[in-house]
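Novice: Sequence and predicted structure are below.
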Amino acid sequence: MNTIVKSCLMTAGLVFAFSALADAPSSLHLPDSHSDMNTGKITLYRNQIKDYKFGKNEDITNNELFVTLDTTGSKIFTLHLLEDPVVNTEIADTLREAFLHDMTVTIYASKFVKEGGAMKIHAVQIERAASK
């Protein structure tokens, strides 16, 4: 009986392990299924202190970084630096460099947000022009 339970748990674990990677994009130029791909130049880079809330009523957010792009209208991309400090600080630094050097950036952010809402940044991508 104990062997059967172990075998079932092992099989279930393997099935879950393979399905967990199913959301990964097949290319660096495609978003995953829960991200929206947004490309443009950063028009606003706002970094603020922890717990300094931004917004009104139900649209209030408690993030430390806010970014807007020239191509996405009223979309606001946000990042909570304390959520995953090592990765999110690196993303914030990358976005800051892109802003300072007027570089085009691709932001992968939460897809399911109401119109005008803050979109959580999942990943940032900067591409260099190909050499001839």
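Specialist: Good, I have the coordinates.

Novice: And the strand of greatest length in the chain, what's buried?
Specialist: For the chain, the longest strand by residue count, based on DSSP state E, is strand 35-47. Applying a neighbour-count criterion of 16 or more other C-beta atoms under 10 Å, one finds 35-38, 42 buried in strand 35-47. In this view, the C-beta of every residue, glycine as well, is placed from N, C-alpha and C.

Novice: need the residues you listed in a markdown table with pLDDT, can you?
Specialist: Conversion of those to a markdown table gives the following (pLDDT from 0 to 100):
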| residue | pLDDT |
| --- | --- |
| Ser35 | 83 |
| Asp36 | 84 |
| Met37 | 89 |
| Asn38 | 91 |
| Ile42 | 95 |
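
Novice: Among these, which one lies nearest to Asn88?
Specialist: Nearest to Asn88 out of the buried residues of strand 35-47 is Ser35 (C-beta to C-beta; 15.5 Å).

Novice: For that closest one, give its distance to Gln125.
Specialist: Per C-beta to C-beta, to the nearest Å, Ser35 is found 11 Å from Gln125.
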